[in-house]
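> Sequence first, then the predicted structure, then my questions.
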Amino acid sequence: MKMAIFENEKILFENTFKAVNLLYFNDALEISWFVSSQEIGDLTDLNNYDIILVDLDLSQKSQLDGYAIIKNALQLNIPPKKIILFTGSDRVKANLKEKGLPDLKIIAKTPVYTDIRDKINEAIGA
């Protein structure tokens, strides 16, 4: 199972996701980290992932913010259930609605292992 994570603060969260992968998914998640939107190259490559986790506030070095990545994923017909938001904002649901985006799963920063597990399971339909 392949998972793309767009997060500019990779160093803060990488071990958390490694632990969740090991504890709850038998190390079956193949996680690719992207600290900016341009690191993935062609955004059509999002189709190669089973789960897409997006930090809404990517670094200023990123050409696209999290909302733009989500819009691109949806334009590629990636089902909203496969997209998970990773954010510290408490206004994210209102912002999604304002931007005409669907209601998506959210993992709050600082994440709890079981919350990450549950959102991944929802994304893959387990």
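Thanks, I have the structure now. Computed from a predicted structure; not experimentally measured. Residues are numbered from 1 along each chain as shown.

> what about the nearest residue to Ile120 once chain neighbours are set aside, how many residues close to it?
Closest residue to Ile120 apart from its sequence neighbours, by Cβ to Cβ, 6 or more residues apart in numbering: Ile51 at 6.1 Å. Where C-beta positions appear, they are placed from N, C-alpha and C, glycine not excepted. Residue neighbour count, defined by other Cβ atoms under 10 Å, stands at 21 for Ile51.

> Do I have it right that Ile51 meets Met1?
Yes. Counting by Cβ atoms under 8 Å, Ile51 touches Met1, with 7.1 Å between them.

> For the two, list the residues in contact with both.
Common neighbours of Ile51 and Met1 (criterion: Cβ atoms under 8 Å, 6 or more residues apart in numbering): Leu29, Ile124.

> and the residue nearest to Ile120, how far is that from Ala94?
From Ile51 over to Ala94 the distance is 24 Å, taken as Cβ to Cβ, to the nearest Å.

> and what of Gln38?
Distance, Gln38 to Ala94, by Cβ to Cβ: 28 Å.

> Would you mind listing the outside residues contacting the helix or strand where Ile31 lies?
Per DSSP states H and E, Ile31 falls inside strand 30-34. Under the contact criterion Cβ under 8 Å, 6+ apart, strand 30-34 has outside partners 1-7, 10, 14, 17-18, 21, 40, 49.

> from those, which is closest to Gly100?
Of all the contacts of strand 30-34, Gly100 sits closest to Phe6, with 20.1 Å by Cβ to Cβ.

> Need the per-residue pLDDT for that closest one.
At Phe6, the predicted lDDT confidence score is 94.

> for the one 3 residues further on, same thing?
Here, the pLDDT recorded for Glu9 equals 88.

> if I look at it, how far off is Val54?
Using Cβ to Cβ, Glu9 is found at 13 Å from Val54.

> So which residue is dead centre in this structure?
By Cα atoms, centre = their mean, the mean C-alpha position of the chain lies nearest to Leu53, the distance being 0.7 Å.
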